[in-house]
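Chemist: Can you look at this prediction? I've put the sequence above it.
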Amino acid sequence: MSFWLFIKLCAALLVLAVMGLTGMLAYHVTVKPLGGIFEKIIPNPSDIVRDLPDADFARLLESAELPDIDPGEKAFQKAHELLALGNLPEAREKLTTIVNLYPSSSSAPISRRIIGDMNLDEILATSHMEGKKNYVVKRGNTYFGISNEFQTSIDLIMYLNGMMELKSLQPGDELIVMSLNFRILIEPQRKALSLWEGGRFIREYPVIHISSPASLTKQTTTISLKLADMDGKKVLPTSKHYRGANKIIQLTKPKIQIIGYDGPHAEMPHGIVLAPADMEEINLLTRSGNEVEFR
């Protein structure tokens, strides 16, 4: 036998041996464990899991789970970066996306609070005139007549023009006025009251207490009357005590009041109760006739 023929035979035998071993490994993995050397090379997975302590097995399962991703939280992180850079328009857009698209996100409450602060700063700032106008007083004008003409309130006229009490009007005087067409949304289950302008979120306030929330079914009503009270006595907007009086909003139906209160819980008034500072804001930004929705 020649040397080269011997080499070819050895090579052929080696190839056959590799093919046989590969076939037996495949049979061991896919069909039936063969034991022996094959068990040492590729052990049975069920034996590995069975031999693991319960705690280790639990950790194995947990490590295999993908973490939950909160898209609202991701958007909030981006909004936080934009706020830090002073890019308020884009930050507001991100925060609004969280409020509208991810209301159940863990970042939604703080997003609503930040947007509310930004919106209120713009609404109440006389340096921001969008939605406001300068009105020149004419002969015969009254505060009630001006508030009706522009669908606003005497409260807001006083605030925007820096008045602690109403002064007499003279022809040629200038007043900053702004129409109030906000809608109140009350969610008894969430214990939240919010202001909206059409479909645009403005600001949210926590509700401290609601009398008989189960009776407040899904419905739409309006503000029938706005009142002010001090020591049990009615206070008119023309009074110098009006700014310091407790404000009350009366709804048409159901006949329930929105009121501010910070006293003892045992003496909680009947109605929808807010913190006094929040009640002042709601009173400032609403007028008789505004829509109120229970949801």
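Modeler: Received the coordinates, thanks.

Chemist: what's next to stretch 70-88, contact-wise?
Modeler: Outside stretch 70-88, the residues within contact range by C-beta atoms under 8 Å, 6 or more residues apart in numbering are 90-91, 94-95, 97-98, 101-102, 104-108, 110-111, 114, 118. Placement of C-beta: from N, CA and C, glycine included.

Chemist: moving C-terminal of the helix or strand hosting Leu83, what's the next helix or strand?
Modeler: For Leu83, the host element (DSSP states H and E) is helix 71-84. For helix 71-84, the following helix or strand on the C-terminal side (DSSP H and E) is helix 88-101.

Chemist: How far does that following helix sit from its chain's centre?
Modeler: Put simply, helix 88-101 sits 10 Å off its chain's centre (C-alpha atoms, centre = their mean, to the nearest Å).

Chemist: May I have it exported as CSV, CA atoms only?
Modeler: C-alpha atoms of helix 88-101 as CSV (Å, rounded to 0.1, in the frame of the first residue of the first chain):
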residue,chain,number,x,y,z
LEU,A,88,-40.2,75.8,27.2
PRO,A,89,-42.2,75.3,23.9
GLU,A,90,-40.8,71.8,23.3
ALA,A,91,-40.9,70.9,27.0
ARG,A,92,-44.6,71.9,27.0
GLU,A,93,-45.2,69.7,23.9
LYS,A,94,-43.6,66.7,25.6
LEU,A,95,-45.6,67.2,28.8
THR,A,96,-48.8,67.6,26.9
THR,A,97,-48.2,64.4,25.1
ILE,A,98,-47.9,62.6,28.5
VAL,A,99,-51.1,64.1,29.7
ASN,A,100,-53.1,63.3,26.6
LEU,A,101,-51.6,60.0,25.5
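
Chemist: What are the buried residues along it?
Modeler: Using 16 or more other C-beta atoms under 10 Å as the test for burial, helix 88-101 gives Ala91, Arg92, Lys94, Leu95, Thr96, Thr97, Ile98, Val99.
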